[in-house]
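Predicted model, plus sequence, below.
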Amino acid sequence: MQDQNYLKAVSGLCPSLREPLAAVPDLLAQSAQEIRLGAGKPLYLHDGRRPFFLDRRGGCHDSPREARIVTREEVMESFRSLCQYSVHTHLDEMQNGYITTQGGHRAGIAGTAVYQQSGLFTVRDISAICLRIARMIPGSAEELVQQCCRDRVSGILLAGEPGSGKTTLLRDLILQLCSGREGRFVKAVAVDEKNEISSCLEVNGGRSRAVTCELLCGYQKAQGMITAIRNLSPQLVLCDEISAESDLAAVKSCADSGVKICSTIHAASVQEVLRRPKAAALLQSGAFDYLVLLQGSHAPCQIAQVRRVGVNHAEGCGGDAADSVRLGRRTAKGR
């Protein structure tokens, strides 16, 4: 039986591409992280390690020579279909280079930028789509909970390269902490700016699985975090990647209110995190107790390192950043 998350992602594409994509072997459907289609280019999947080029019957090849070539019309029709034929409702997302589809799948788009006086307005003549498959992996956050949240609610900064499973871990962490799995119910708020986290909170049979987590969907992260601490009384706020200056100020406000944060940052190593001034500011905010590094796209959701954020946090960003942040290292159990 094929992976349902994969099939839902495929269902958003144009009919002529659904057939070969739906016919791929089950194991590849389960491991695929991205579906990539570009005008005049071969159709292929990527599992985080390598590409699999597809022919017209869904057969997989190491070389693009036998692959099915995607037409520009198929790219445009897939784009319209992913937008549910209401492109204008996705203009805000398109300004950031993506659209989010039903089920939390995110489609990165390439095309021609259209600017107005206020800046980038939209993207036209779509030439390529990178559809990232959103998944729920039940239990994937168990090790994270055991190492970081066993005795109390903790702030966690998840670091990893693209495709390493950061958002997937956030989804399962919500269920671990807010559904009674650990014998407790943490009051949490998920700020879901890109509509990628909320798939784990969907109501099933009239009941939400994450019973003590409230959802702020479509809010910009900074506004969502401030709204959460002012109005929803959370112990924990969860959100995807923090990057803007306004986000940093909101994180500090959460810390000053005694609220912990679980969020993500793109980085392939701890040293890469610590070299970034914004990351140092995050660690200094007091909202995070742990810095957790994931192994990478070759091993999604697998922890490589767990580091405790020291009392003094970041002391500066000059010189060797690894020396300017006091972190006591703990290695992930069994790794």
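In hand now; what should we look at?

Could you check the pLDDT of residue 1?
Here, the pLDDT recorded for residue 1 equals 56.

ok, now residue 172?
Residue 172 is given a pLDDT of 92.

Parallel or antiparallel, which strands does the longest strand belonging to the chain pair with?
Using DSSP state E, we find that the single longest strand of the chain is strand 119-132. As defined by DSSP bridges, the strand partners of strand 119-132 come to strand 34-38 (antiparallel), strand 106-116 (antiparallel).

Please identify the deepest-packed of those strands.
strand 34-38 (a mean of 22; mean count of other C-beta atoms under 10 Å). Using the backbone N, CA and C atoms, a C-beta is placed for each residue, glycine as well.

contacting residues around the longest strand of the chain?
Strand 119-132 is contacted from outside by 9, 12-13, 33-39, 41, 72, 75-76, 78-79, 82, 91, 94-95, 97, 101, 105-115, 163, using C-beta atoms under 8 Å, 6 or more residues apart in numbering.

change it to 7 Å
Residues from elsewhere that reach strand 119-132 (C-beta atoms under 7 Å, 6 or more residues apart in numbering): 9, 33-39, 75-76, 78-79, 91, 94-95, 105-115.

In it, which residues are buried?
For strand 119-132, the buried set under the neighbour-count rule, 16 or more other C-beta atoms under 10 Å, comprises 122, 123, 126, 127, 128, 129, 130, 131, 132.

The residue lying closest to residue 106 once chain neighbours are set aside and residue 101: what is the separation?
What sits nearest to residue 106 in space, not counting adjacent residues and going by C-beta to C-beta, 6 or more residues apart in numbering, is residue 132, at 4.9 Å. Applying C-beta to C-beta, to the nearest Å, the value for residue 132 to residue 101 is 10 Å.

Next up, identify which helix or strand residue 139 is on.
Residue 139 is part of no helix or strand when elements are defined by DSSP states H and E.

What segments of the stretch 201-335 of the chain are strands?
For the stretch 201-335 of the chain, applying DSSP state E, counting those that start in this stretch gives strands covering 203-204, 207-208, 213-217, 236-239, 260-266, 290-294, 303-314, 325-331.
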